[in-house]
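Colleague: Below are the sequence and a predicted model for it; my questions follow.
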Amino acid sequence: MTTTYRIYARWAGQKVTDKTVTESKPVADFAWEELQRVSWKGEVKPIGLTYTCNGKQVDYIDLSPGVR
């Protein structure tokens, strides 16, 4: 069975950007670290950052207003 990792920014309205899809865990981990380093300008930022493996959530960072 192939393992598929997905790393992306989730925006309101179920939109996603900055998506990385890979079968490599080291590549997925690198993409996740890089996505967390993005400096979102002002109020324009995603509602969350998502890291999944085979469709199951590995990690999630909530960037919704009012959440630290």
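Modeller: Arrived safely, thanks for sending.
Colleague: Give the buried residues for the one helix or strand Val16 maps to.
Modeller: Taking DSSP states H and E as the definition, one finds Val16 inside strand 15-22. Counting neighbours by 16 or more other CB atoms under 10 Å, one finds that the buried residues in strand 15-22 are Thr20, Thr22. No exception for glycine: its C-beta is placed from N, CA and C like everyone else's.
Colleague: after that strand comes which helix or strand?
Modeller: helix 25-37.
Colleague: Now that next one: buried residues?
Modeller: Applying a neighbour-count criterion of 16+ other CB under 10 Å, one finds Ala28, Ala31, Trp32, Leu35 buried in helix 25-37.
Colleague: Check those and tell me the two furthest apart.
Modeller: Between all members of the buried residues of helix 25-37, the longest pairwise span (CB to CB) is found for Ala28 and Leu35 and amounts to 10.5 Å.
Colleague: List the residues that contact Val27.
Modeller: By CB atoms under 8 Å, 6 or more residues apart in numbering, the contact set of Val27 is Tyr5, Thr20.
Colleague: one step back: name the residues contacting each of Ala28 and Leu35.
Modeller: Ile7, Thr20.
Colleague: lowest confidence element among the helices and strands of the protein?
Modeller: Ranked by mean pLDDT, DSSP states H and E, the helix or strand of the chain with the weakest confidence is strand 15-22, at a mean of 92.
Colleague: Show me how far it is from its chain's centre.
Modeller: Averaged C-alpha coordinates place strand 15-22 at 7 Å from its chain's average position (CA atoms, centre = their mean, to the nearest Å).
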